[in-house]
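Engineer: here is my input, please return the structure:
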Amino acid sequence: MLSTLPDKDFFSMGEASRFAQVSAHTLRYWESRVTALRPSRLPSGHRRYTRSDIETILSIKDLLERRGLTLDGARRALRRGRRFSALAREGGSPELSGKAMNTLSEVKRDLRSLMEELSR
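Structural biologist: Purely as a prediction, here's the structure:
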C-alpha cells in the first residue's frame, strides 16, 4: 500500500489521514499514546510525516481493526515487532519460553502429519 503514495519524502497531516482513512484527531490521539509515532514538526508547528510514519500509522490501524487489539496492545505489539526486526537484522533470534517452544514443536508435528496425509 505504501507503493501508492506519491513520490515525495514528507506528507502533511491531511495527506496522512486521507491515505490511512482515519481522521486527523485520531492521528493526534495515536501520537499521544504510541511513542513509535512521532512525526517531525515544522517551525510553524505543522506535523510532517515520513513514509516510515505512514507505515506505522497503517500498522496501528491494522492492529486495531483487523486484530481487534486495544491501543495499548497495539503499542506493545509495535514495540515487540521492532525488537524482533532489530534482532533479525543483527542475525540473532529472540528467546522463546519453553512453553512456546513446546507449542511450536506440536504445530510442526501436526503440519508434518497433515502433509503426509495429503501426499497419500
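
Engineer: and R41, bridged to which residues?
Structural biologist: In this structure, R41 has beta-bridge partners R47, where bridges are defined by DSSP bridges.

Engineer: who's in contact with the nearest residue to S23 once chain neighbours are set aside?
Structural biologist: For S23, the nearest residue in space outside its immediate sequence neighbours is S17; the separation is 6.0 Å by Cβ to Cβ, 6 or more residues apart in numbering. Backbone N, C-alpha and C define where each C-beta goes, glycine included. Applying Cβ atoms under 8 Å, 6 or more residues apart in numbering, one finds that S17 lies in contact with 23-24, 26-27.

Engineer: one more time with 7 Å
Structural biologist: The contact partners of S17, taken as Cβ atoms under 7 Å, 6 or more residues apart in numbering, are 23-24, 27.

Engineer: and for I57?
Structural biologist: When the contact criterion is Cβ under 7 Å, 6+ apart, the partners of I57 are 16, 20, 27, 37.

Engineer: any stretches of this protein with poor pLDDT?
Structural biologist: For the chain, the stretches with pLDDT under 70 are 1-3, 82-98.

Engineer: which stretches of it form strands?
Structural biologist: 10-11, 40-41, 47-50 (DSSP state E).

Engineer: in JSON lines: the ones you listed, plus distance to D72 and mean neighbour count.
Structural biologist: What follows is the strands of the chain, written out as JSON lines (distance: least, Cβ to Cβ, whole Å; neighbours: other Cβ atoms under 10 Å):
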{"stretch": "strand 10-11", "distance to D72": "26", "mean neighbour count": "18"}
{"stretch": "strand 40-41", "distance to D72": "25", "mean neighbour count": "10"}
{"stretch": "strand 47-50", "distance to D72": "22", "mean neighbour count": "18"}
